[in-house]
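Asker: Okay, sequence plus prediction incoming.
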Amino acid sequence: MILEIMIENDRGQTPSVSELEDWAAQYDLTMPVLADEDLVIYNYAEASGSGGSVGLPFTVVMKEGVVIESIASGSQLNKVTRSF
Amino acid sequence: MRVLTLLGGGLLLGCAGLATDDTASSGSGGTTDIFDDGGDDDTEAQEDEGKLDDDGDGLTADEEEALGTDPDEADSDGDGVGDGEEVEQSTDPLDESDLPYAGGWAKGACRNDVKAEGWGEGDVSRNFTMVNQFDEDVSLHDFCDRTLYLVFAAFW
């Protein structure tokens, strides 16, 4: 299952519900599209040793039981593919 | 000739009597109900009632008793979602605040049993709650029963 998590809009603010709705409709997304108001992304980034900076897309793969399998910042696609 | 006729009529009457009687003679001299399966009729009736779904919510009376829901009320907690659907979606049919997601994503039965550890690789992830496109609060641990791929992105 994919969770699409939006950290900010084009004004640097937390996306509104209507913006999430528009985004989901524009790309015909059926998965949860969420607004990261508390910037949870930095929790994962810091734990992965990225020094507080993040590259987008930033991805986290979890096994059943929400066990974190991999954290990939930006184009670290090799980490993501290994998880599958 | 008349004697023979009377005897034949008597025999026929005797046979008619046997044909309308639904009991048969047992060897001991008593009668046996040939439709009796040997069970307790009251117990069997109760068992049958337990299999009924009088309120049409998809749960039998026995299942409702086990859950504590009302077998005569399709939506025991009055949250607009029937008891059977709540069970299917793994939400609590007795908690009006626990609703299935509008997007149809089922909640994992394990969601209240997750022991969070941290945010790093190998950890059981801490929980977080974010609002979704349907204006619902979504918790990560609700999806504890499946592989997850979180993609953080931005609108630019």
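Answerer: Yes, it's here.
Asker: can you pull out the strands in chain A?
Answerer: A:2-6, A:33-35, A:58-63, A:67-73 (DSSP state E).
Asker: Out of those strands, which is the most enclosed?
Answerer: A comparison of those by mean neighbour count, using mean count of other Cβ atoms under 10 Å in any protein chain shown, puts strand A:33-35 on top with a mean of 26. Yep, even glycine has a C-beta here, placed from its N, CA and C like the rest.
Asker: same question for that one, mean pLDDT?
Answerer: What strand A:33-35 shows for mean pLDDT is 98.
Asker: neighbouring strands for that strand, and are they parallel or not?
Answerer: If you go by DSSP bridges, strand A:33-35 pairs up with strand A:2-6 (parallel), strand B:129-132 (antiparallel).
Asker: Just the residues contacting the shortest one, thanks.
Answerer: What it means is strand B:129-132. Here strand B:129-132 makes contact (Cβ atoms under 8 Å, 6 or more residues apart in numbering or on different chains) with A:5, A:17, A:20, A:32-38, A:40, B:101, B:103, B:137-140.
Asker: So, low pLDDT: which residues of chain B?
Answerer: B:1-39, B:46 (pLDDT under 70).
Asker: An error on my part: the question was meant for chain A.
Answerer: In chain A, residues with pLDDT under 70: A:51-52, A:76-84.
Asker: Just list the residues touching residue B:127, thanks.
Answerer: B:114, B:116, B:139-141.
Asker: And what about the spatially closest residue to it that is not a sequence neighbour, helix, strand or coil?
Answerer: Leaving aside its sequence neighbours, residue B:127 sits nearest to residue B:141 (Cβ to Cβ, 6 or more residues apart in numbering or on different chains; 4.6 Å). Following DSSP: H, G, I helix; E, B strand; the rest coil, residue B:141 is assigned to helix.
Asker: from what I can see residue B:141 touches residue B:107, true?
Answerer: No. Residue B:141 lies out of contact with residue B:107 (Cβ atoms under 8 Å); the separation is 9.1 Å.
Asker: Flag every residue of chain B that's near chain A.
Answerer: For chain B, the residues in contact with chain A (Cβ under 8 Å from any Cβ of the partner chain) are B:101, B:103, B:105, B:110, B:114, B:116, B:118-126, B:128, B:130-135, B:138, B:140-141, B:143-156.
Asker: Can you say which of the residues you listed are buried?
Answerer: Using 16 or more other Cβ atoms under 10 Å in any protein chain shown as the burial test, the residues of chain B next to chain A include B:101, B:103, B:105, B:110, B:114, B:119, B:121, B:123-126, B:128, B:130-133, B:138, B:140-141, B:143-145, B:147-154 as buried.
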